[in-house]
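Undergrad: I would like the atomic coordinates for the input below:
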Amino acid sequence: LTGELGRIIAEGGRARILPLLADLIARAEATGQLPPGDPTDRADLFVTLLIGDRQIRRVIGSLPEPAPDEIAAQSAAALHRFVLLCHADSENAPPQDGGG
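TA: Down below sits the predicted model:
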């Protein structure tokens, strides 16, 4: 194993997608659609929820190519979980100290 496949996936996919997702998440936070948080961490969380281990299972041939309706269902489930986790994270955050 040379790690070449992982490098190519990272360069061609994740490295380009994460900044775009982080920007989208920051805009969602700015408009109140999501509570405040770290957009970069949240972009990573979303990708993890969306892809999980499916990508590697496809590479090794243990998972067939998903049908369009499966992709749509997986995407909707990932987005739902992402929003729930973002809200739960903000509810569990320690209160901000406004004093000085």
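Undergrad: centre of the chain to stretch 54-65, how far?
TA: 19 Å (CA atoms, centre = their mean, to the nearest Å).
Undergrad: if you average pLDDT over it, what comes out?
TA: Here stretch 54-65 scores 83 as its mean pLDDT.
Undergrad: how about the CA coordinates for that stretch, as PDB?
TA: The C-alpha atoms that make up stretch 54-65 are tabulated as PDB, following Å, rounded to 0.1, in the frame of the first residue of the first chain:
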ATOM      1  CA  ARG A  54     -19.100   4.100   2.100                       C
ATOM      2  CA  GLN A  55     -16.300   5.400   0.100                       C
ATOM      3  CA  ILE A  56     -13.700   2.900   1.200                       C
ATOM      4  CA  ARG A  57     -16.300   0.100   0.900                       C
ATOM      5  CA  ARG A  58     -16.900   1.100  -2.700                       C
ATOM      6  CA  VAL A  59     -13.100   1.100  -3.400                       C
ATOM      7  CA  ILE A  60     -12.700  -2.400  -2.000                       C
ATOM      8  CA  GLY A  61     -15.800  -3.700  -3.800                       C
ATOM      9  CA  SER A  62     -17.800  -4.600  -0.800                       C
ATOM     10  CA  LEU A  63     -20.600  -2.100  -1.500                       C
ATOM     11  CA  PRO A  64     -22.400  -1.800  -4.800                       C
ATOM     12  CA  GLU A  65     -23.000   1.500  -6.500                       C
END
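Undergrad: excluding chain neighbours, what is closest to Ala26?
TA: Spatial nearest neighbour of Ala26, excluding adjacent residues (CB to CB, 6 or more residues apart in numbering): Pro39 at 4.2 Å. For glycine as for every other residue, the C-beta is placed from the backbone atoms N, C-alpha and C.
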